[in-house]
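Enquirer: Need a 3D model of the sequence below.
(chains A and B)
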Amino acid sequence: MGAVWNIAATTVGEAIRRRVLLVILMIGVLLLTIIPSLSVLSARSDDSVTVGTMFAVMRGTSALLAIVLTVYMIPNEIERRTIYTILSKPVQRWQFFLGKYLGAVLSLLLMITLMTVFMLVVYAIFQNHHASRLLSLAQQPVMYWIEMSLLAAVAICISTFVTPLINIFLSFGVWLVGTVLNPLYDTIANNSKSIPIMKSISKLIVSLVPNFADYDTKNPLINPGQPIQNQGLYYFTTIFYGVVWIALLLIIGALIFDRREV
Amino acid sequence: MPAAIETIQLTKTYKSRSLGLINVVDKLDLTVQEGEIFGFLGPNGAGKTTTIKMLLGIINPSAGEGYVLGKEIGDLNVHKVISYLPERPYYYEYMTGMEILKFYGSLFGIRDEKKFQSLLERVNLAGDASKIIAQYSKGMQQRIGLAQSLINDPKLLFLDEPTAGLDPIAHTEIRDLILQFRNEGRTVFISSHELSEVERICDRVAIINKGVIERQGHLDELLKGARIEIIADDVPKETATKFEGPDTIVSYSSNRLIVDIPEGANVGAVIDELRNAKASIVSVIPRRRRLEDLFVETVGGKNAKKLVVESPEVVA
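Expert: Numbering: from 1, shown residues only, chains lettered A, B, ... in the order given. Sure, this is the predicted structure:
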C-alpha cells in the first residue's frame, strides 16, 4: 500500500495548488462568511434559513470541487506523461488508480474541513449559540464528505472511458438525478398505488444511480424538534451504502483503466 | 552475452475508423545485448514510443513475444531493475528536486536520503535540490529525470529523446552521463532523432520505419564505406535532377547543388556533367559515411513524398 499512499499524497499536494479549485473554494468560503452576517441585517432573522442556506452553499461548492478535481486527474496524468514514469516503476495500474482516488478524497476532506471551520466560526460570532449547537452542526459536513467521496468515485470511474468535458456533464447529471430525482423515484417505487411499469422503471433507476439525497441530513439540524429516528442506524446504513457504491465504482473503474491504452 | 531485450514478431495493432486495422509495430524482431548502448531510430510515427511502451508493459502487444532481462514483458519484478525517462518529461512542479527523488524512491520503497543527495550531485543539481521544479530549466528537468531514473540502480535504462530541445551544453552533460552508464555496465536503450548524438555514443542501432525494422546492427558495420560530397554553384535545375539515384543524396537550393555519392561512384562523370552545365565547382570532399546518410538511405526513399513536402528543395 506504500505506493498507493505516496501517489495519494502527491495528488493532495497538487490539488491544493490547483488555481481553479482554490477559486471555487474561496467563493464557497466567501459565501459562507457572508450568509450569517446578512441574517443580522435582515428584519426577520431566522436561524433555520441561515443554517439551511449555509449548508446548501457548502454542498454545492463541495460537489463542484469534487467534479472539477476528479474529472481531470487521470487524463492530465496521461497528457503530461507522468503516468509513464510511474507505471514503469513497480506500480500496478490499480494502485495508481486507487492512489489518485484516495488523494481526491483526502483533498476534499481538507477543503470541506476548511469550509466547516469558517462556517462555524462565522456562525458562532453572528448567531451566538452554545458549543453543543455548533457540534451538532458539524455532523452534516461529515455526511457531505461521504457524499462527495461517492461523487468523486463516480467521476473517476467515468474518467477512465470518456473525455473530461463529457465527464463533467455525466458526473453532474448522475449527482443531480441521485439528489433530486432519486427520492421521487424511490417514493414511486415504494408506493403500492403506483402503476406497475412506473414502479419497475423507478426501481431500475434507483438501483442504477447512487442515492445522494440521503446524505443531506440538515433538516433535523434546522428543526431540532424533528430528529431522525434511529439516528445511529441511519448514519451507519447511509455510510455503509456509500462505501459499497464507492468500492463497486472503483473496481469497475480499475478494471476499465487496466485494459485502457494509455 | 545474454540479451537485455529480445522481441520476437512483436506487433501492435490499432483500429482506425478511416483506415481499419493498422500495425503500428509490425513483427518486430529486436535484440539488445547487455551492457551496450542501443540506438532506436526512426522518423516521427515510426513506432518507437509504442515499442518502448510495450517493452515497459505500459501497453499490451497485439501479437508476438517480448523479453526484458530474461522475463516476459509486463512482469512487475522486472520493473524493479529497469527505468524509463520519457520524452519531454513532466514532474510535479510544486515539488523540489529532492522531493521528486523522494517520491519516485518511495515507489520502490527506497527512503535513503544520502542516496538521493548523491544522485543530485551526480547530475549536478546538488545546489538546486531545494528549488521547485517550476524554477528548473529544460536541461535541469532532464537531469532530474535522469537522477530519478537511477534511483533503483537499474540494469536497463529506456531513454526516449533524452536530448530533445536542450542547448549544446546540456547535450554534452547528458551525453557524458549516458556514457558513464555504459561504463557502469548498464544497458541503455535510446530512442532519438539526434543522429549525430546516437552516432557518437551508441554501439548498435536499429532503424524502424512504419513499424518495421529496416536496419539493425553494429554502427561500424552499418556505416562501412566512405562517401564523397561535391558542392557546386550556378547549377541549372535540369542538371541537378540528372544526379538522382538510389545511393545518391542530392539537395538543391538557390542554384547550389550538393551531391553525396558513394566512394566507388564515378566522381569524374559528375564533375564533367557540372562543367558542361557551366557550373562552378566549390568543393569535392571525401568523408566517412555518417549515420544520417544511412538513415536517409533507409527511410528517405520510402518517405520521399513526405521529404518533398517538408523541404521543397530536396529533389531526391
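Enquirer: got the domain boundaries for chain B?
Expert: B:3-222, B:227-288 (automatic domain parsing).
Enquirer: Show me what counts as buried in the least confident helix or strand in chain A by mean pLDDT.
Expert: Least confident element among the helices and strands of chain A, by mean pLDDT, DSSP states H and E: helix A:182-190 (a mean of 78). Across helix A:182-190, burial judged by 16 or more other CB atoms under 10 Å in any protein chain shown covers A:182, A:185, A:186, A:188, A:189. For every residue, glycine as well, the C-beta is placed using N, CA and C.
Enquirer: How about stretch B:128-140?
Expert: Counting neighbours by 16+ other CB under 10 Å, stretch B:128-140 gives B:128, B:129, B:132, B:133, B:136, B:139, B:140 as buried.
Enquirer: how about the helices of chain A, start to end?
Expert: A:2-15, A:19-41, A:47-71, A:73-79, A:82-87, A:93-127, A:131-137, A:139-158, A:164-176, A:182-190, A:196-208, A:218-222, A:231-259 (DSSP state H).
Enquirer: can you pull the buried residues of the third one?
Expert: Right, the one you point to is helix A:47-71. A:50-55, A:57-59, A:61-71.
Enquirer: repeat for the second one
Expert: Residues of helix A:19-41 classed as buried by neighbour count (16+ other CB under 10 Å): A:21, A:24, A:25, A:28, A:29, A:31, A:32, A:33, A:35, A:36, A:39.
Enquirer: Can you redo those residues as TSV, where the extra columns are distance to chain B and pLDDT?
Expert: Shown next, in TSV, are the buried residues of helix A:19-41 (distance: CB to the nearest CB, whole Å; pLDDT from 0 to 100):
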residue	distance to chain B	pLDDT
A:21	13	95
A:24	19	96
A:25	17	96
A:28	22	95
A:29	22	94
A:31	28	93
A:32	27	91
A:33	27	87
A:35	33	85
A:36	34	77
A:39	39	69
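Enquirer: List just the nearest of those to residue A:204.
Expert: residue A:24 (33.8 Å; CB to CB).
Enquirer: Spit out the contact partners of the closest one.
Expert: By CB atoms under 8 Å, 6 or more residues apart in numbering or on different chains, the contact list for residue A:24 reads A:61, A:64, A:65, A:68.
Enquirer: Could you rerun that using 10 Å?
Expert: A:18, A:60, A:61, A:62, A:64, A:65, A:67, A:68, A:69, A:111 (CB atoms under 10 Å, 6 or more residues apart in numbering or on different chains).
Enquirer: and what of residue A:65?
Expert: So residue A:65 contacts A:15, A:20-22, A:24-25, A:28, A:104, A:107-108, A:111-112, A:115, A:148, A:151-152 (CB under 10 Å, 6+ apart).
Enquirer: measure it to chain B for me?
Expert: From residue A:65 across to chain B, the span is 19 Å (CB to the nearest CB, to the nearest Å).
Enquirer: and if you look at residue A:253?
Expert: 18 Å.
Enquirer: shouldn't that residue be in contact with residue A:167?
Expert: No. Using CB atoms under 10 Å, residue A:253 is not in contact with residue A:167; the gap is 11.8 Å.
Enquirer: overlap in contacts of these two?
Expert: A:74, A:154, A:155, A:156, A:157, A:158, A:159, A:160, A:161.
Enquirer: Does the last one touch residue A:261 like I think?
Expert: No. Taking contact to mean CB under 10 Å, the distance of 11.6 Å between residue A:161 and residue A:261 leaves them out of contact.
Enquirer: In space, what's closest to the residue nearest in space to the middle of chain A - neighbours in sequence excluded?
Expert: Ranked by distance to the mean C-alpha position of chain A (CA atoms, centre = their mean), the top residue is residue A:148 at 1.0 Å. Closest residue to residue A:148 apart from its sequence neighbours, by CB to CB, 6 or more residues apart in numbering or on different chains: residue A:66 at 4.2 Å.
Enquirer: quick one: pLDDT of the one you found?
Expert: Note for residue A:66: predicted pLDDT of 97.
Enquirer: Which residues of the stretch 151-300 of chain B lie near chain A?
Expert: B:151, B:152, B:154, B:158, B:160 (CB under 10 Å from any CB of the partner chain).
Enquirer: Present those as CSV; the columns should include secondary structure.
Expert: Shown next, in CSV, are these (DSSP: H, G, I helix; E, B strand; the rest coil):
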residue, secondary structure
B:151, coil
B:152, coil
B:154, coil
B:158, strand
B:160, strand
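Enquirer: quick one: which of those is nearest residue B:212?
Expert: residue B:160 (19.7 Å).
Enquirer: My read is that the closest one contacts residue B:52, right?
Expert: Yes. Contact criterion CB under 10 Å: residue B:160 and residue B:52 qualify, at 5.9 Å.
Enquirer: Which of the buried residues of stretch B:128-140 scores worst on pLDDT?
Expert: Per-residue pLDDT puts residue B:139 lowest of the buried residues of stretch B:128-140, at 86.
Enquirer: Which strand or helix spans that residue?
Expert: Element membership for residue B:139, per DSSP states H and E: helix B:138-149.
Enquirer: State the number of residues packed around residue B:55.
Expert: For residue B:55, the neighbour count with other CB atoms under 10 Å in any protein chain shown is 28.
Enquirer: Residue A:224 now?
Expert: 11.
Enquirer: The one 10 residues further on too?
Expert: A total of 14 residues lie near residue A:234 under the criterion other CB under 10 Å.
Enquirer: Check residue A:178 too.
Expert: Neighbours of residue A:178 (other CB under 10 Å): 25.
Enquirer: Just give the nearest non-adjacent residue to it, would you?
Expert: Nearest one to residue A:178, counting by CB to CB, 6+ apart, is residue A:212 at 3.9 Å.
Enquirer: quick one: low-confidence parts of the chain?
Expert: Since you didn't name a chain, this refers to chain A. A:39-45, A:128 (pLDDT under 70).
Enquirer: actually it's chain B I care about, not the one you picked
Expert: Checking chain B against pLDDT under 70 turns up B:1, B:301-316.
Enquirer: Spit out the contact partners of the closest residue to residue B:68 other than its chain neighbours.
Expert: Spatially, and ignoring its direct neighbours in sequence, residue B:68 is nearest to residue B:78 (5.2 Å; CB to CB, 6+ apart). When contacts are counted by CB under 10 Å, 6+ apart, residue B:78 touches A:90, B:55, B:56, B:57, B:67, B:68, B:69, B:70, B:71, B:72, B:155, B:156.
Enquirer: Likewise for residue B:47?
Expert: Counted by CB under 10 Å, 6+ apart, residue B:47 has contacts B:12, B:23-26, B:28, B:40, B:54, B:208-213.
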